[in-house]
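**Student:** missing the sequence, but the structure's below:
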């Protein structure tokens, strides 16, 4: 089957699609007949209407029958409710943020270069902490893993709900969304991209590629990108205060924006299902 190269809204570069997918995009209004395309053997890009072969009568009749058999409106439902996990995410952020800031302070103040050094320095810092602070650090350490799991479970379920909406062209599966978000260094940037896709698909599933992410999601991607670049930048030991203040500010902003995005997506998915159940409201 021929592959057609298209640059859809939101794509940074053209991608290859099958003829079936191209016709689906036309039917959904993602592209129109004037959208330019290219396939192997063509010299230049041409409008899709001049490139797509005409449908055979049998295929056209089958497609018409398929359209008649489809309900007028897609019936949306949630595979997993998200409201409870979204509220728990607020507590998770309160646990993860101070733990991350304390760890980053140790890293930059001692110019740590590997994990073993960090573990040793954390233990040394625990010894020198005031007696009243030790139980708090121990409590946050215990809650670190469940707090992280809350975030990952929410992400998995939000992505699984998108699949329940029968959205076409989604790139991130639930398992892949969690896996990419756990990757070292670039995980936060990938998490921002995953959340943007989930948000757009939750806003209007039938035309999700034409939707734009919210301002909070765009800021979250910008902040996580800056935070990733800071972690890769080799700050000298003499600049540890500047490095910590910059990284700490970005971590705080990223955590707050992540929480805002979680609440936005949760609300969008609930509103989508609510409108579906109450079409006249």
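**Tutor:** In hand now; what should we look at? In this text, all values refer to a predicted model and were calculated from it rather than measured experimentally.
**Student:** how many neighbours does residue 193 have?
**Tutor:** 18 (other Cβ atoms under 10 Å). (Each C-beta comes from the backbone N, C-alpha and C, glycine too.)
**Student:** tell me the contacts of the nearest residue to it once chain neighbours are set aside?
**Tutor:** Distance criterion Cβ to Cβ, 6 or more residues apart in numbering; nearest residue to residue 193, sequence neighbours excluded, is residue 221 at 7.0 Å. Taking Cβ atoms under 8 Å, 6 or more residues apart in numbering, we find residue 221 in contact with 189, 192-193, 196, 213.
**Student:** do the same with residue 182
**Tutor:** Per Cβ under 8 Å, 6+ apart, neighbours of residue 182: residue 152.
**Student:** can you pull out the helices in the stretch 51-200 of the chain?
**Tutor:** 57-69, 83-109, 115-128, 133-164, 174-181, 187-203 (DSSP state H, counting those that start in this stretch).
**Student:** Highest neighbour count among the contacts of residue 221?
**Tutor:** Highest count within those by other Cβ under 10 Å belongs to residue 192, 24 neighbours.
**Student:** And the pLDDT for the closest residue to it other than its chain neighbours?
**Tutor:** The spatially closest residue to residue 192, leaving aside those adjacent along the chain, is residue 221, at 4.0 Å (Cβ to Cβ, 6+ apart). Listed pLDDT for residue 221 reads 94.
**Student:** again with residue 56
**Tutor:** For residue 56, pLDDT reads 52.
**Student:** can you offset everything so residue one is 738?
**Tutor:** Taking 738 as the first residue, the last one we looked at is residue 793.
**Student:** Can you find the helix or strand of this structure with the lowest average pLDDT?
**Tutor:** Sorting the helices and strands of the chain by mean pLDDT, DSSP states H and E puts helix 794-806 at the bottom, at a mean of 51.
**Student:** Contacts for stretch 888-897 next, please.
**Tutor:** Applying Cβ under 8 Å, 6+ apart, the contact partners of stretch 888-897 are 816-817, 819, 822-823, 826, 829, 833, 909-912, 914-915, 918-919, 928, 931, 935, 939, 999, 1002-1003, 1006.
**Student:** of these, buried ones?
**Tutor:** Buried subset of those (neighbour count, 16 or more other Cβ atoms under 10 Å): 817, 819, 822-823, 826, 829, 833, 909, 911, 914-915, 918, 928, 931, 935, 939, 999, 1002-1003, 1006.
**Student:** From residue 893, how far off is residue 758?
**Tutor:** Per Cβ to Cβ, to the nearest Å, residue 758 is found 26 Å from residue 893.
**Student:** I should have written residue 947 there, sorry.
**Tutor:** When distance is defined by Cβ to Cβ, residue 947 is 26 Å away from residue 893.
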